[in-house]
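Enquirer: Sequence and predicted model, in that order:
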Amino acid sequence: MDEMNFPEGLYWVLDEDNIPRPARDMEEVYSYMGDSGKKRRVAWTIVGDFEVSTVFLVIAHGYRYMIEPNAMPDLFETMVFGGEKEYQWRYTSYEKALEGHERVVQCLKDRGPCELEEI
């Protein structure tokens, strides 16, 4: 993909302070993906038979950022694996993702998966 066709705002990277910023080009995206496997993982917790995983997505999700001025895309995702169904939440910042991860873990510890829909 050449510079002229690089989709502005679609690919993101995290800086050293975990602040997302748009990638400059595909070379930066490839470098980030190759070098930062650990950095893409925000948090990972096992609670009983469940795995709670929160990651930085690299690719912008959601539509809000395309239609609202100054809106951020969803760049982080928490998922719960191991139950009868999978749960998913998305966030716009590292801090919100970490808070969401902890909220899901605490819900599983306190109330179990049947209450995840209330988060």
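Expert: Arrived safely, thanks for sending.
Enquirer: Only C-alpha atoms from now on, for both contacts and neighbour counts.
Expert: Fine.
Enquirer: can you pull the buried residues of the longest helix belonging to the chain?
Expert: Longest helix in the chain, counting residues (DSSP state H): helix 94-110. Within helix 94-110, the residues scored as buried using 16 or more other C-alpha atoms under 10 Å are 94, 97-98, 100-102, 104-105, 107-108.
Enquirer: pLDDT averaged over it, what's the number?
Expert: For helix 94-110, the mean per-residue pLDDT is 95.
Enquirer: Ok, stretch 52-67 next?
Expert: pLDDT averaged over stretch 52-67 gives 90.
Enquirer: Name the single longest strand found in the chain.
Expert: strand 50-61 (DSSP state E).
Enquirer: following that strand, which helix or strand shows up next?
Expert: helix 64-67 (DSSP states H and E).
Enquirer: tell me the angle of the next helix or strand after that next one relative to strand 50-61?
Expert: Going down the chain from helix 64-67, the next helix or strand is strand 74-81, by DSSP H and E. Taking axes from the mean of the first three to the mean of the last three C-alpha atoms, to 10 degrees, strand 74-81 and strand 50-61 form an angle of 150 degrees between their directions.
Enquirer: Can you list the buried residues in strand 74-81?
Expert: Those would be 74-80, for strand 74-81 by 16+ other C-alpha under 10 Å.
Enquirer: Between those, which sits nearest Tyr30?
Expert: Nearest to Tyr30 among the buried residues of strand 74-81: Leu75, at 16.8 Å, using C-alpha to C-alpha.
Enquirer: All set now, cheers.
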